[in-house]
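# no FASTA, just this:
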Ligand SMILES: Nc1ncnc2c1ncn2[C@@H]1O[C@H](COP(=O)(O)OP(=O)(O)OP(=O)(O)O)[C@@H](O)[C@H]1O
């Protein structure tokens, strides 16, 4: 059984990752794709109030479990669209460790700071300043297979760009290059 493809969307909060993921599930017409989002995993957690230390530990385990769930889905042949915020270096390192690099199409989802602030205000369900805080952190590793800019491009158009690119996936992938650069040699 071959492993599934992983379209990995990384960007700040409000950059449009979930919107692109939803569109991808509509426009991708070969294979069966699943949208796995870190928000979805966070929403599964117990509702009891946690201490700061409990929450920090639970958040780290949530993300580690999320990364391994992506790997497990792809390993048995499911195609996956991942929606994640790589705002701490360990998150990317962990993904590089557990995902098959040749399966991953790594997509940077960018958006201007002004538009992020506007969207965040309009949504009202994210802490003000979250996207600006993440802005310089999420793309720090500096390598992608493809980048989208949602500032003035619709989620549907970005999904179509990704679909077009997926058909001619490059090799080596950005994940292969990053793995060689960021992980110790085996
Ligand atoms: N391409 C776009 N053009 C205009 N508005 C957009 C675009 N993509 C998303 N939005 C709007 O921005 C807001 C955030 O979108 P979305 O939930 O897709 O972002 P996200 O990156 O998944 O955010 P989060 O990580 O906080 O969940 C929504 O109100 C959405 O309607």
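Great, that's in hand. Since the structure is predicted, the reported quantities are computational estimates derived from the model, not experimental observations.
# When you work out contacts or count neighbours from here on, use the C-alpha atoms and nothing else.
Noted.
# so what's residue 34 bridging to?
Taking DSSP bridges as the rule, residue 34 bridges to residue 80.
# what are the ranges of the strands in this structure?
6-10, 33-37, 79-84, 104-110, 146-149 (DSSP state E).
# Of all those strands, which one comes closest to the ligand?
Among the strands of the chain, the nearest to the ligand by Cα to the nearest ligand atom is strand 79-84 (6.9 Å).
# Which strands and helices lie in contact with the closest one?
On a contact count with 3 or more Cα pairs under 8 Å, 6 or more residues apart in numbering; DSSP states H and E, strand 79-84 meets strand 6-10, helix 17-27, strand 33-37, helix 52-75.
# Among the ones you listed, which comes closest to residue 133?
Checking these against residue 133 by Cα to Cα gives strand 6-10 as the closest, at 15.0 Å.
# is any part of that closest one close to the ligand?
No: Strand 6-10 is not in contact with the ligand by Cα under 6 Å from any ligand atom; minimum separation 8.3 Å.
# Please list all residues in contact with the closest residue to residue 150 other than its chain neighbours.
The shortest distance from residue 150 to any non-neighbouring residue, by Cα to Cα, 6 or more residues apart in numbering, is to residue 111 (5.3 Å). Contact analysis of residue 111 by Cα atoms under 8 Å, 6 or more residues apart in numbering lists 15, 149-151.
# can you put the helices and strands packed on strand 79-84 in JSON lines and add mean neighbour count and mean pLDDT?
Formatted as JSON lines, those follow (neighbours: other Cα atoms under 10 Å; pLDDT from 0 to 100):
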{"stretch": "strand 6-10", "mean neighbour count": "24", "mean pLDDT": "98"}
{"stretch": "helix 17-27", "mean neighbour count": "20", "mean pLDDT": "98"}
{"stretch": "strand 33-37", "mean neighbour count": "20", "mean pLDDT": "98"}
{"stretch": "helix 52-75", "mean neighbour count": "16", "mean pLDDT": "98"}
